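1. Prediction below, plus the sequence it came from.
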Amino acid sequence: MKKVKQVAIAGAGIGGLTAALALAKANFDVTVFEQASQLGEVGAGLQMSPNAMKVLRALGLEEALRSYAFVPQHACIRHYQSGDYYLKSPLGAAAEARYGAPYWHLHRADLHNALLDACLHAGVRVTLGCRVENYKDQEDKVSFSLSNGEQYQADLLIGADGIRSMVREQMHGQESPRFMKQVAWRGVVPVSELDGVKIQPDACVWVGPGRHFVSYYIRGGKLVNFVAVEERGDWQQESWREEGDINELRSAFSGWHPEVTGLLANAETTFLWALNGRDELTAWHQGRVVLLGDACHPMLPFMAQGAAMAIEDAHVLSQCLEQYTRAQALARYEALRKPRASKIQAMSKENAGLYHMHGGLAGRIKLQAIRAAGQFMPQVIAHKLDPVYGFDVTK
């Protein structure tokens with residue numbers, strides 16, 4: 001059986017473009033198909049932990065991104081009203097020394113633009129305004145139809161088309177994503193407009209009953225990114241994302257710490273996301289078709305690892321395709337990636353209860369135990385994060 005040469009990718013998000021760049025650098029012929037008529041990433045902030053940065057470094061993007069990055073000094077968990085610290089774990093130079101790569105905050109658009117520029121420079125063809133509608137797996141090729149009516153063939157089709165992936169749907173059957181009874185408000189505020197509000201230079205999670213708030217700097221410290229997560233019983237809107245009411249958001253977090261309320265007082269706009277999930281898939285590949293990122297393992301954002309896992313997927317898939325025949329490569333990719341992605345998925349879901357102070361007395365005891373560990377046994381905290389941040393798929 002011959003190795004793959006010609007690769008088609010459905011989706012030009014972070015995962016799709018990382019896969020395209022990795023494959024193009026390995027001399028594959030790559031075309032990306034994106035349903036949006038113009039490329040622009042929404043969602044603003046991304047936390048690029050060292051495990052993701054190792055891949056971006058291997059792809060030659062670290063220097064291109066450096067001027068856009070903000071280096072947080074600590075990872076923090078704080079009480080929603082008093083601001084008391086349950087956790088204040090060093091990042092910055094300490095994280096880079098421990099894990100061999102930096103921990104950066106980036107604007108999603110800056111990473112997306114750097115990936116796109118590198119892809120085009122490497123010879124990747126990016127076709128906008130057309131969605132991969134359906135595919136037919138044949139003996140020697142996979143053929144698929146585009147929303148513009150054209151037909152296309154390749155040796156391999158990668159479904160990097162997100163949580164509502166058409167490729168996943170055809171592989172596993174139609175099934176709507178499951179609303180996880182939480183919504184996320186997202187937005188950015190220019191530092192120049194903060195009007196005396198002082199935001200700490202950290203990756204901070206403010207934990208409270210039934211909701212939590214995340215704040216951190218991006219774009220070299222020029223913007224503050226926020227994500228405010230609130231438990232909701234249902235999601236009535238047809239779209240999974242819409243413009244939010246900033247006054248409703250301010251009301252939901254009234255009475256919180258002045259860093260939170262002060263930041264929201266200066267925010268002008270916000271977008272509201274439904275947080276959706278899926279059960280673990282039985283398989284990530286079938287014939288000449290394979291899934292990547294949110295298409296196969298959508299994550300709640302409570303470990304800040306969604307983009308990182310897609311970036312790791314992309315590198316591993318490229319390496320496997322370079323070394324093995326198609327069937328061997330896809331089996332190897334799934335065997336390497338599925339256990340790790342599933343574990344991070346579970347950790348992310350578990351953090352929701354912690355951040356929203358579930359569990360009554362037991363939940364409060366857990367937060368106090370984290371505080372004690374951070375103060376007296378920091379190696380316990382590091383031990384939990386080492387398998388996440390210390391992981392290196394480039395090795």
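-> Structure's in. What do you need? Quick caveat, the model's predicted, so the values are computed rather than measured.
2. Confidence-wise, which helix or strand of this structure is lowest on average?
-> Least confident helix or strand, the chain: helix 360-376 with a mean of 66, by mean pLDDT, DSSP states H and E.
3. Helix, strand or coil: sort out His383 for me.
-> On the three-state scheme (DSSP: H, G, I helix; E, B strand; the rest coil), His383 is labelled helix.
4. Run a quick neighbour tally on it.
-> Counted with other C-beta atoms under 10 Å, the neighbours of His383 add up to 11. Every residue, glycine included, has its C-beta placed from N, CA and C.
5. cool, Gln368 as well?
-> Residues within reach of Gln368, counting by other C-beta under 10 Å, total 11.
6. How about the contacts made by it?
-> Going by C-beta atoms under 8 Å, 6 or more residues apart in numbering, Gln368 touches Tyr86.
7. Against Tyr355, how distant is it?
-> According to C-beta to C-beta, to the nearest Å, Gln368 and Tyr355 sit 15 Å apart.
8. ok now do Arg232, which residues does it touch?
-> 181-183.
9. per-residue pLDDT, the closest residue to His257 other than its chain neighbours?
-> Of all residues not flanking His257 in the chain, Gly83 sits nearest, at 4.6 Å (C-beta to C-beta, 6 or more residues apart in numbering). Gly83 carries a pLDDT value of 95.
10. My read is that Gly83 contacts Thr261, right?
-> No. Applying C-beta atoms under 8 Å, one finds Gly83 not in contact with Thr261, separated by 11.6 Å.
11. Now for the two: what residues contact both?
-> Joint contacts of Gly83 and Thr261 (C-beta under 8 Å, 6+ apart) do not exist.
12. and Arg57, how many neighbours does it have?
-> Neighbours of Arg57 using other C-beta under 10 Å come to 17.
13. That one sits in which helix or strand?
-> helix 50-58 (DSSP states H and E).
14. so what secondary structure elements neighbour that helix?
-> Applying 3 or more C-beta pairs under 8 Å, 6 or more residues apart in numbering; DSSP states H and E, one finds that helix 50-58 contacts helix 62-66, helix 92-99, helix 306-323, helix 378-389.
15. among those helices, which is nearest Arg332?
-> Arg332 lies closest, by C-beta to C-beta, to one member of those: helix 306-323, at 4.7 Å.
16. Let's test this: mean pLDDT of that closest one, rounded?
-> Helix 306-323 shows a mean pLDDT of 97.
17. how far out from the middle of the chain is the helix or strand just after that helix?
-> Counting by DSSP H and E, the element after helix 306-323 in chain order, helix or strand, is helix 326-355. Helix 326-355 has its average C-alpha position 13 Å from the chain's average C-alpha position, going by C-alpha atoms, centre = their mean, to the nearest Å.
18. which of the residues in helix 326-355 are buried?
-> By 16 or more other C-beta atoms under 10 Å, the buried positions in helix 326-355 come out as 326, 329-330, 332-334, 336-338, 340-341, 344-345, 347-348, 351-352, 354-355.
19. if I read this right, Met357 contacts Trp206, doesn't it?
-> No. With contact defined as C-beta under 8 Å, Met357 does not reach Trp206; the gap is 11.3 Å.
20. Can you pick out the residue with more neighbours from these two?
-> It is Trp206, of Met357 and Trp206, that has more neighbours when counted by other C-beta under 10 Å, with 24 against 19.
21. In a strand, that one, correct?
-> Yes. Assessed by three-state DSSP, Trp206 belongs to a strand.
22. Compute the number of surrounding residues for Cys76.
-> Quick note: Cys76 (other C-beta under 10 Å) scores 22 neighbours.
23. Report the contact partners of it.
-> Contacts for Cys76 were tallied using C-beta under 8 Å, 6+ apart; they are 85, 87-89, 200, 202-205.
24. Equivalent analysis for Arg178, please.
-> Arg178 makes contacts with 276-279, as judged by C-beta under 8 Å, 6+ apart.
25. What is the burial count for Ala44?
-> For Ala44, the neighbour count with other C-beta under 10 Å is 20.
26. ok, it touching Gly187?
-> Yes. With contact defined as C-beta under 8 Å, Ala44 reaches Gly187; the gap is 6.9 Å.
27. Now do the shared contacts for the two.
-> Residues touching both Ala44 and Gly187 (C-beta under 8 Å, 6+ apart) are Asn225.
28. Can you list the low-confidence ranges for the protein?
-> 1-2, 40-43, 236-240, 359-365, 372-382 (pLDDT under 70).
29. chain center to the helix holding Arg57: distance?
-> Counting by C-alpha atoms, centre = their mean, helix 50-58 comes out at 14 Å from the chain centroid.
30. Using CSV, write out the CA atom coordinates for it.
-> Output of helix 50-58 as CSV, limited to C-alpha atoms (Å, rounded to 0.1, in the frame of the first residue of the first chain):
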residue,chain,number,x,y,z
PRO,A,50,4.2,24.7,26.6
ASN,A,51,2.9,21.5,25.0
ALA,A,52,1.3,23.5,22.2
MET,A,53,4.2,25.9,21.9
LYS,A,54,6.6,23.0,21.3
VAL,A,55,4.6,22.2,18.1
LEU,A,56,4.5,25.9,17.0
ARG,A,57,8.2,26.1,17.6
ALA,A,58,8.8,23.0,15.5
